[in-house]
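Undergrad: sequence first, predicted coordinates after that:
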Amino acid sequence: METRRVKTKAKVITLEQEFLSLLDFYEDGEYSKVKFKSGYQNDNIIFEDNQVRFCPKNIAINNYNIAKIPARYSKCKNITLDNGGWEIIGTDKSIQDALNYSVEYTKNYPNNLPPFFVGTPGAGKTHLSVSIITELIFKHRKKCLFKQFRDLLSDIKDIYVKNESEKQYVDKLCKFDVLVIDDLGATRMSEWETSVLDTLIANRYNSKKHTIFSSNLAFLDGNLYKVTSKDQVLDYKIGERNISRIFEMCSVLEMKGKDYRKKNRIKK
Ligand SMILES: Nc1ncnc2c1ncn2[C@@H]1O[C@H](COP(=O)(O)OP(=O)(O)OP(=O)(O)O)[C@@H](O)[C@H]1O
Ligand SMILES: [Mg+2]
C-alpha cells in the first residue's frame, strides 16, 4: 500500500488512515475481526495494464481476519504506532525504548531484528506485539499470526489426534511472515514439546521469517528480576537451547513499567 500523504481541507491524513476509516472492527468470539463499513463497495479484483490482481485492501482485511488477534486487543490499530494511544506511565525509560524500537522495527521491516519483550505484568508487551502486527498487516499486507504460548502447546498436543505430522504443523506456522508467541514459558513443557518448539523456532529462523516473543519470566543474566526460584527462569522453562536461539534471532527489550491494568484502579 502507498504511504503517500493525502491533503484534506483541515488536516493531513495518510492513505492508511483513510483506509482504516472505511473499516468496522468487530468481535467474533474471542477474536477481533474487520470488514468494510456497510454500504462501501469495493472491487476485489483489479484489471490494470492487461493484468488481473487482487485488491490490496481486501488482502489486508483477509490477513487481519486470519491473524487471530484477541478481541481485547482490537484497540491496537493505530496505523502508526507513534500516533496511537500510547501513554507512557512511570519514569522508566525502558517502556519508551520498547516503543521506539517497535516503531523503527515496523518502519524498517524486515531489516531489523524482531523484538523479544521481557517484562513485568501489565507493562504493555502484548499491546505492543499486537500493534506491530496490525501495522504490518495494514501497511505492508504481511501475513501474521498471534499465538498464546499455551495454545501453541495444546496445538502440539493435538498434532497426533488430528493425524497431522510434526512437520506439517511446523510448515503451517512457517507460512506466516510474522508470528507472535505471547507469554513464552507460561506453562511447563515436556521434552517432546520442547523439541517441537525447537524445530519451529529453528525452521522460522532458517527461512528468514520473523518471530516476536513476549514473556514475564526472567532469564539468566537479565537485569529485570532477582530470581527466587527456577520456575521463574525462562532458560529452565523452555530449555537453554531454545533461549539461546531466540537471543540470536531477536532483540531483547526489558520493560519495567508500572502495571497498566492497575492504572485506573488505584485511588490517588
Ligand atoms: N502504553 C499503553 N497505552 C495504552 N494501553 C496500554 C499501554 N500499555 C498497556 N496497555 C493496556 O493495558 C493492558 C495490559 O497490557 P498488556 O496486556 O500488553 O500487558 P503485558 O505486559 O502483556 O502483561 P502480561 O505480562 O500480564 O501478559 C492491556 O489492556 C493493554 O491494552
Ligand atoms: Mg501479555
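TA: Nice, thanks for sending it over. Ligands and ions are numbered 1, 2, ... in the order given.

Undergrad: when you work out contacts or count neighbours from here on, use the C-alpha atoms and nothing else.
TA: Fine.

Undergrad: what mean pLDDT does stretch 123-132 get?
TA: In this model, stretch 123-132 carries a mean pLDDT of 92.

Undergrad: likewise stretch 190-200?
TA: For stretch 190-200, mean pLDDT rounds to 89.

Undergrad: could you shift the numbering so residue one becomes 413, and keep it that way?
TA: Taking 413 as the first residue, the last one we looked at is stretch 602-612.

Undergrad: how far does that stretch sit from the chain's center?
TA: 21 Å (C-alpha atoms, centre = their mean, to the nearest Å).

Undergrad: swap in stretch 534-541?
TA: The chain centroid and the centroid of stretch 534-541 are separated by 10 Å, computed with C-alpha atoms, centre = their mean.

Undergrad: can I get it in CSV, CA atoms only?
TA: This file holds the C-alpha atoms of stretch 534-541, laid out as CSV (Å, rounded to 0.1, in the frame of the first residue of the first chain):
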residue,chain,number,x,y,z
GLY,A,534,0.8,-5.2,32.6
ALA,A,535,3.8,-3.3,31.1
GLY,A,536,2.3,-3.5,27.6
LYS,A,537,4.2,-6.4,26.0
THR,A,538,1.1,-7.9,24.3
HIS,A,539,-0.3,-4.5,23.4
LEU,A,540,2.9,-3.6,21.6
SER,A,541,3.2,-7.0,19.9
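
Undergrad: which residues does that stretch contact?
TA: 485, 488, 507, 511, 514, 529-531, 592, 594, 624, 626-627, 667-673 (C-alpha atoms under 8 Å, 6 or more residues apart in numbering).

Undergrad: go again with 7 Å.
TA: Here stretch 534-541 makes contact (C-alpha atoms under 7 Å, 6 or more residues apart in numbering) with 485, 488, 529, 592, 594, 626, 667-673.
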